[in-house]
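J.: Model the structure of this input:
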Amino acid sequence: MFDLISDYVCSFIIARIVGNLLLQLVMALCSLPVMNLIVIFAILVTLFAIAREFKN
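T.: Now for the predicted structure:
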C-alpha cells in the first residue's frame with residue numbers, strides 16, 4: 001500500500017516538474033519570432049524521436 005502511494009507521489013512530482021518546464025517553454029516561445037519557433041519545434045521533435053528510440 002505504501003509503495004503504491006510513494007509511486008503516485010513520485011509520478012505526481014515528476015509531472016509537476018515537466019509541467020513547469022513545458023509552461024516556461026511555452027512562455028518563452030510566445031515571446032520569440034516565428035522563425036525561432038520553427039527551429040525550436042524541429043529540435044523538440046528530434047529530441048522526442050531520440051527519446052522514443054532509447055525506450056525501444
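J.: Any stretches of this structure with poor pLDDT?
T.: Low-confidence regions of the chain, defined by pLDDT under 70, span residues 1, 32.
J.: Tell me where it has helices.
T.: Counting by DSSP state H, the chain has helices at residues 2-30, 34-55.
J.: now the angle from the last one to helix 2-30?
T.: Here the directions of helix 34-55 and helix 2-30 differ by 150 degrees (axes from the mean of the first three to the mean of the last three Cα atoms, to 10 degrees).
J.: For helix 34-55, buried residues please.
T.: Residues of helix 34-55 classed as buried: none (neighbour count, 16 or more other Cβ atoms under 10 Å). The way it works is simple: take the backbone N, C-alpha and C, and place the C-beta from them, glycine included.
J.: Tell me the helices and strands packed up against that helix.
T.: Helices and strands in packing contact with helix 34-55 are not found; criterion 3 or more Cβ pairs under 8 Å, 6 or more residues apart in numbering; DSSP states H and E.
J.: Distance check, residue 19 against residue 9.
T.: Separation of residue 19 from residue 9 (Cβ to Cβ, to the nearest Å): 15 Å.
J.: do residue 36 as well
T.: Distance of residue 36 to residue 9, computed by Cβ to Cβ: 37 Å.
J.: now residue 21
T.: 19 Å.
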